[in-house]
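I would like the atomic coordinates for the input below:
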Amino acid sequence: MPNLHTLTQYLLPKQALTRLAGAGARLEGGALTQWAIRRFIQQYQVNMQEAAEPDPSAYASFNAFFTRALRPGARPLADSDLVCPVDGAVSQLGNIDAGRIFQAKGHDYTATALLAGDGKLAEHFADGQFATIYLSPRDYHRIHMPCDGQLLACAGRLRQMVYVPGDLFSVSPATAAAIPGLFARNERVVCVFDAPWGPWVLVLVGAAIVGSMATVWHGTVNPPRPGHIQRWDYPAHEGADGAQAAAAPTDANRKATENAVFLDRGAEMGRFMLGSTVVMLFPAGAPRLTTAWQPGQSVRMGEPMSQA
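All right, here's what the predicted structure looks like:
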């Protein structure tokens, strides 16, 4: 029988609460905003010394505070093929079994469902690997690239972004253990990248009270929430001979040429306006995920995510 927490998740007016929270987070409310920021810092023991701007009074809105940048050097990148893209806690990771992804004891879901019914894309991950990381309210909420974008064929080249409407259940560990197919049911933004070893996917999963999700190449993806799937394609830039260009970005992080987007390993690729979860899918030929991570373990952006 469902417990009270689970029943509450089904009964709450999640869309209305999320719209209300989003409006409040965007509000530049002066003393009220400052009170909310300082109360949040105290409640969740946020380490402001890691922030590029450590003074809470410098943030005009709660969103500006919540998506704050880190000071240079706060998250050094490990010498690893894959690095952790976020601060958070490991929800689950491991092998994808015939296209099925483990969520929690007694629950799994398919890669096809997570990818909005794109069975052709899901085939690439049928026997691949996945990693799911939960971002709690106290965590740093910018998302970074786990792969280096300067490899031949551009491991960090964006192929497609898909907005998928859905529910707004909480994505806390307790909810993940109780709601079947949670990450394939919630609102999400699917980002498909190319690598020498094939396509890989990073999914930003929305949740109750998550006001919006944004990427560096698009800006805010939601709201609005149109109620239907939206797709944006980002074709590779072609050189004079018609071949796909594999040049490295001309600046430190990003290059966009004729709608092509390249991102370096460690570069910011998106952010959550309030906490949520990321799910990554890798094909069988990708670097093997680290065996040092365990469910529930705290991780930080930039640490090794693949085996040496």
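
Can you get me the centre-to-centre distance for the host helix or strand of Thr132 and its chain?
For Thr132, the enclosing helix or strand under DSSP states H and E is strand 129-134. Its chain's C-alpha centre lies 10 Å from the corresponding centre of strand 129-134 when counted by C-alpha atoms, centre = their mean, to the nearest Å.

Pull out the buried positions in it.
Buried residues in strand 129-134, counted by 16 or more other C-beta atoms under 10 Å: 129-134. The C-beta positions use only the backbone N, C-alpha and C, and glycine is treated the same way.

Residues touching that strand, excluding its own?
84-86, 88-96, 101-103, 171-173, 176, 183, 277-282, 284, 286, 288-289, 293, 299, 305 (C-beta atoms under 8 Å, 6 or more residues apart in numbering).

Now pLDDT too, for the buried residues of strand 129-134, in CSV please.
Output for the buried residues of strand 129-134, formatted as CSV (pLDDT from 0 to 100):
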residue, pLDDT
Gln129, 96
Phe130, 97
Ala131, 96
Thr132, 96
Ile133, 96
Tyr134, 93
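
okay if I get the residues you listed as TSV plus distance to Gly30?
Output for the buried residues of strand 129-134, formatted as TSV (distance: C-beta to C-beta, whole Å):
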residue	distance to Gly30
Gln129	48
Phe130	44
Ala131	41
Thr132	38
Ile133	35
Tyr134	33
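
quick check, nearest of those to Arg271?
If you rank the buried residues of strand 129-134 by distance to Arg271 using C-beta to C-beta, Ile133 comes first, at 14.5 Å.

which residues does that closest one form a beta bridge with?
Taking DSSP bridges as the rule, Ile133 bridges to Val90, Val278.

any idea how far Gly285 is from it?
22 Å (C-beta to C-beta, to the nearest Å).

What is the nearest of the buried residues of strand 129-134 to Ala214?
Ile133 (18.1 Å).

Check the gap between the spatially closest residue to Gly296 that is not a sequence neighbour and Val278 for me.
Excluding the flanking residues, the one nearest Gly296 by C-beta to C-beta, 6 or more residues apart in numbering is Ala89, at 6.1 Å. Distance check for Ala89 against Val278: by C-beta to C-beta, it reads 12 Å.

more crowded one of those two?
Neighbours per residue (other C-beta atoms under 10 Å) separate Ala89 from Val278, with Val278 holding more: 25 against 18.

Noted, bye for now.
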